[in-house]
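Chemist: After the sequence you'll find the predicted model.
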Amino acid sequence: MQYQVRLARITDAERIVTLLERAPSSGAVPERLAAGSGDLLRQLVGLPHAVVLVAETGRTLVGAGILALRPSVQRGGFVGTIDVLATEATGGSAAVVDALLTEILRSARNKGCVAVEAPPPADPAERARWLANGFHEAGPTIVREIAPAGATRT
């Protein structure tokens, strides 16, 4: 099945909140959402230090991801934190995660991030998927180093 990953629009906020409320809690999916999550999502859509993505098949929302950026003097640039990565609990969720991660990493690189971090998934198979996408264990998080756009990785 083919998934289209795109930047979220303000009108997607409620659909994302609904997806998060139904998504199984693991790794970058919060156990419960804070009050006003829809309002916060609408604000994040327009901010330059956040990337909100949705994955769709047809016109059905099947996944969402939120990347928040912060400056890090210690790391020498911006660090992206995957705040949320959620999919519908369907058989294609692995492909949706891969599609969202690919786009999150591309967006992070384009915004000048030197690394992307996330809470490690509890499920061993899901953790293996993230490690296969270039992340590595780093204390309480998993991290993916990013080469600047146009640079080659060594």
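Modeler: Looks like it came in fine. Predicted model only: the values in this text are computed from it and were never measured.
Chemist: Roughly how far does residue 116 sit from residue 107?
Modeler: The gap separating residue 116 from residue 107 is 10 Å, by Cβ to Cβ, to the nearest Å. (Each C-beta comes from the backbone N, C-alpha and C, glycine too.)
Chemist: Report the set of residues contacting both of those two.
Modeler: Residues within reach of residue 116 and of residue 107 at once, by Cβ atoms under 8 Å, 6 or more residues apart in numbering, are residue 67.
Chemist: What are the buried residues along the longest helix along the chain?
Modeler: The helix that spans the most residues within the chain, counting by DSSP state H, is helix 93-110. Buried residues in helix 93-110, counted by 16 or more other Cβ atoms under 10 Å: 93, 95-97, 99-101, 103-105, 107-109.
Chemist: Same list, these, but as TSV with pLDDT please.
Modeler: Below are these laid out as TSV (pLDDT from 0 to 100):
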residue	pLDDT
93	82
95	88
96	90
97	88
99	92
100	93
101	92
103	96
104	96
105	95
107	95
108	95
109	94
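Chemist: Now do the buried residues in the helix or strand bottoming out on mean pLDDT in the chain.
Modeler: Ranking every helix and strand in the chain by mean pLDDT, DSSP states H and E puts helix 37-45 at the bottom, with a mean of 82. For helix 37-45, a neighbour-count test (16+ other Cβ under 10 Å) marks 37, 40, 41, 42, 44, 45 as buried.
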